[in-house]
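S.K.: 3D, please:
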Amino acid sequence: QVQLVESGGGLVQAGGSLRLSCAASGRTFSNYYMGWFRQTPGKEREFVSAITWSGANTYYADSVKGRFTISRDNAKNTMYLQMNSLKPEDTAVYYCAAQKNYRTTYRATAYDVWGQGTQVTVSS
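M.R.: Residues are numbered from 1 along each chain as shown. Model (predicted):
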């Protein structure tokens, strides 16, 4: 199965932008349904966005709709999350995740493979 490595996190002021990347090892990246989740201390992992195998369909949490854009490049084995108009409440550790056999979009437990996470901090 794939292994996932996130990058691109950091510290940004409110209103700024960041682009997260999720690099996948292996040759079967296009077989995986992919998603982004985020987590803050003491809270459950929260769905952010997901993308289907070819990238034809995308899904977003209401809290990020219109500000975040998910995409993937299967030729580069990489998924992205472009985050614009960032708010302090977007501060979290962001994780990319993969499902080999699709079950559902929004539940973290449906995803089989996880990256190590990348910290995003938005200052006010």
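S.K.: ok, now which ones touch the most centrally placed residue in the chain?
M.R.: Nearest to the geometric centre of the chain sits Trp36, at 2.3 Å (Cα atoms, centre = their mean). Shown in contact with Trp36 (Cβ atoms under 8 Å, 6 or more residues apart in numbering): Leu20, Cys22, Val48, Ser49, Ala50, Ile70, Met79, Leu81, Tyr94, Tyr95, Cys96, Ala97. Quick note: C-beta positions are derived from backbone N, CA and C, even for glycine.
S.K.: ok, what's across the strand from Thr121?
M.R.: Note on Thr121: beta-bridge partners by DSSP bridges are Leu11.
S.K.: Return the residues in contact with it.
M.R.: Gly10, Leu11, Val12, Thr91.
S.K.: Number of residues surrounding Val2?
M.R.: 20 (other Cβ atoms under 10 Å).
S.K.: tell me the contacts of it?
M.R.: Ala24, Ser25, Gly26, Thr28, Phe29, Tyr32, Asn77, Ala98, Val113.
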